[in-house]
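Participant: Quick one, structure for this:
(chains A and B)
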Amino acid sequence: MIASLGVRPEQVVEFSPVILGPLLSFSSFVFVRTGSGDKGTAAIAALVASFSFDVTVGIWAGYLANWLGMIIAFFFLAAFLLFEKSKRKPIVIPLILLSLALLLTHPWTWALILTTAFFFALTRPRIERKLLTTSTIMMIAVGIIVDFAKNQVAGGATLAGDLGTKGPVFGISQLVTFWPNISVALNVFYDGLLGNVLLLGLSALSFVTIRFRDKVEGMLACWVASASVPFALLNSFHQTRLIYDLPIPPLVAIGLLLIMSRAGGGNLRASLLLLVVLLSCANYALEAVIQA
Amino acid sequence: MRKVPSLRLNIRFVLDDALALLAIFETIALGQLVLHPFSLYTGGSFASYQAQMFRGLAPLSPILLALLLYAWLARLILKIGRKHSTGLDRFSRTLSEKVRGLDKPNSSQVKFILLHHHGLLLIVAMTVAVLLGLFRDPFRKPSHTRLVEQIVASDQSP
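Facilitator: Below you'll find the model as predicted:
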């Protein structure tokens, strides 16, 4: 469609970050706001999203489909949280459409996000559980059918077929070399862009301390837990793809707010903390763009 | 006898001053990167010091990522262990109270003036993302080639 407008593919690749960047910020905002109702946390998540791995590694490695996949994933999970809250069945239709958009954009992200939604559904109270798990299973089934139909019509590998090719890079042998794998994944690939201590530290802090009070925290816990199991069994390059799919912006926002509220010193110290973290992230992102 | 709170007050000021200095350092580094992207590669610039600081801390990143990914597993093991060991149960309760205290919602969070302007922050975030997408080094090397080299190298390593 874009090619018919006379735009060259190189131009699309060159200028996609201009569209994908703000969309990622907006989708992170919508996800956190829908889940927690806290607009302040959502705004910080949006700010962090503009400097996150999705942007830096996305530009460095040209992971445009994966980047767009993350945007759709945030919108999908926001819609899922809305569905959980309202229990209105018509919301299932946009949910299915978003799920299919995600599947056709980046199938691996679709698999991770649907697993997250399924585990989140399982952790809900019994009254809500049945509706949520049934809907998620239905979305998975529709996805598998569409993936198969796409394979028949347009060719290319199905998700299951692609999974079969991952044998050499997946298994217990990778678990034995877990530590070298994780070190290579963070410090070698993409010139070490994934080894950002500030982003990972704040995410870890939030994940260690959150009590799963609100739904967004529960969803984030399911998201990270869903990624952590295959992570241990994959080689370093595939581990980088899972790190890319982690919900870093909302986690950093929660961690940063935790420090801001605990640091004391009122608005001045909180603002200084926020400023230092954001400027540091901005420097990191700009360095990444220069090196790309 | 001298009052102790004055010392505490000084420590607070030191913390604020340190944060302000760090913010100035980061602002200058950002300015250098925007105006002279190659200052990243020239020694003695704030931007290069910032990059060095970032690289110096990078060895800690695997520990933090492991903590992020497997904290839920540690919690689960602790939960099961509590049922079988009273000592572990006592330790876990103490730890849990400390962590819960850390996580307790703070009323000061509500008072953060900056967070009241969430719409403005969102616009800033989206604008920054657009500018970052437009920022280009005209002499940049193709990163795809380097990525393929990195994958080949990691596959060959034992």
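Participant: which regions of the stretch 1-150 of chain A lie under the pLDDT threshold?
Facilitator: Residues of the stretch 1-150 of chain A that meet the criterion pLDDT under 70 lie in A:1-3.
Participant: go again using 80 as the cut-off
Facilitator: Scanning the stretch 1-150 of chain A for pLDDT under 80 picks out A:1-14.
Participant: now B:L40: how far from A:I44?
Facilitator: As for B:L40, its distance to A:I44 is 27 Å (criterion: Cβ to Cβ, to the nearest Å). For every residue, glycine as well, the C-beta is placed using N, CA and C.
Participant: element containing residue 29?
Facilitator: Reading this off chain A. Taking DSSP states H and E as the criterion, A:F29 maps to helix A:9-36.
Participant: nope, chain B
Facilitator: Counting by DSSP H and E, B:A29 is part of helix B:5-35.
Participant: next structured bit after that helix?
Facilitator: helix B:46-57.
Participant: list the buried ones in that following helix?
Facilitator: Buried residues in helix B:46-57, counted by 16 or more other Cβ atoms under 10 Å in any protein chain shown: B:F46, B:A47, B:S48, B:Q50, B:A51, B:F54.
Participant: Let me see the confidence value for the fifth one.
Facilitator: In other words, B:A51. B:A51 carries a pLDDT value of 89.
Participant: which among the buried residues of helix B:46-57 are in contact with chain A?
Facilitator: Applying Cβ under 8 Å from any Cβ of the partner chain to these, one finds that B:A47, B:Q50, B:A51, B:F54 fall near chain A.
Participant: what sits against the last one?
Facilitator: So that's B:F54. By Cβ atoms under 8 Å, 6 or more residues apart in numbering or on different chains, B:F54 lies in contact with A:N196, A:V197, A:N283, A:Y284, A:E287.
Participant: so what are the domain limits for chain B?
Facilitator: B:10-67, B:70-104, B:108-136 (automatic domain parsing).
Participant: Just give me the lowest mean pLDDT stretch among the ones you listed.
Facilitator: The lowest average pLDDT among the domains of chain B, as it happens, falls on domain B:70-104, at a mean of 74.
Participant: correct me, but A:D162 touches A:A111?
Facilitator: No. Counting by Cβ atoms under 8 Å, A:D162 stays clear of A:A111, with 10.0 Å between them.
Participant: Show me which of these two is the more surrounded one.
Facilitator: A:A111 (20 against 14; other Cβ atoms under 10 Å in any protein chain shown).
Participant: Kindly indicate whether that one is helix, strand or coil.
Facilitator: Following DSSP: H, G, I helix; E, B strand; the rest coil, we place A:A111 in the helix state.
Participant: Excluding chain neighbours, what is closest to it?
Facilitator: A:L159 (6.4 Å; Cβ to Cβ, 6 or more residues apart in numbering or on different chains).
Participant: need the contact list for the one you found.
Facilitator: A:L159 neighbours (Cβ under 8 Å, 6+ apart): A:L103, A:P107, A:W108, A:W110, A:A111, A:I144, A:D147.
Participant: how close does it sit to chain B?
Facilitator: In this view, A:L159 and chain B are 21 Å apart by Cβ to the nearest Cβ, to the nearest Å.
Participant: For A:W60, see how far away that residue is.
Facilitator: The span separating A:L159 from A:W60 equals 26 Å under the rule Cβ to Cβ.
Participant: Helix or strand next in line after the strand or helix carrying A:M138, which one?
Facilitator: Using DSSP H and E, A:M138 sits in helix A:126-154. Counting by DSSP H and E, the next helix or strand C-terminal to helix A:126-154 is helix A:159-164.
Participant: can you list the residues that contact whichever helix or strand comes after that following helix?
Facilitator: Using DSSP H and E, the helix or strand that directly follows helix A:159-164 along the chain is helix A:172-176. With Cβ under 8 Å, 6+ apart as the contact definition, helix A:172-176 has outside contacts at A:N181, A:A232, A:L233, A:L234, A:N235.
Participant: So of those residues, which two are at opposite extremes in space?
Facilitator: Greatest spatial distance among these (Cβ to Cβ): A:A232 and A:N235, at 11.2 Å.
Participant: Who has more neighbours out of the two?
Facilitator: Remark: of A:A232 and A:N235, A:N235 carries more neighbours, 21 against 17, as counted by other Cβ under 10 Å.
Participant: now, which of the contacts of A:L159 sits nearest B:L35?
Facilitator: A:W108 (39.4 Å).
Participant: In space, what's closest to that closest one - neighbours in sequence excluded?
Facilitator: Closest to A:W108 by Cβ to Cβ, 6+ apart is A:R241, at 6.9 Å.
Participant: Now do the contacts for A:L24.
Facilitator: So A:L24 contacts A:A49, A:S50, A:S52, A:D54, A:V55, A:W67, A:M70, A:I71, A:F74, A:P249, B:A129 (Cβ under 8 Å, 6+ apart).
Participant: where's it relative to B:Q52, distance?
Facilitator: For A:L24 relative to B:Q52 (Cβ to Cβ), the value is 28 Å.
Participant: Kindly report the same for A:V30.
Facilitator: Distance of A:V30 to B:Q52, computed by Cβ to Cβ: 37 Å.
Participant: quick revisit: please convert the domains of chain B to TSV, extending it with distance to A:S36.
Facilitator: Formatted as TSV, the domains of chain B follow (distance: least, Cβ to Cβ, whole Å):
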stretch	distance to A:S36
domain B:10-67	23
domain B:70-104	14
domain B:108-136	12
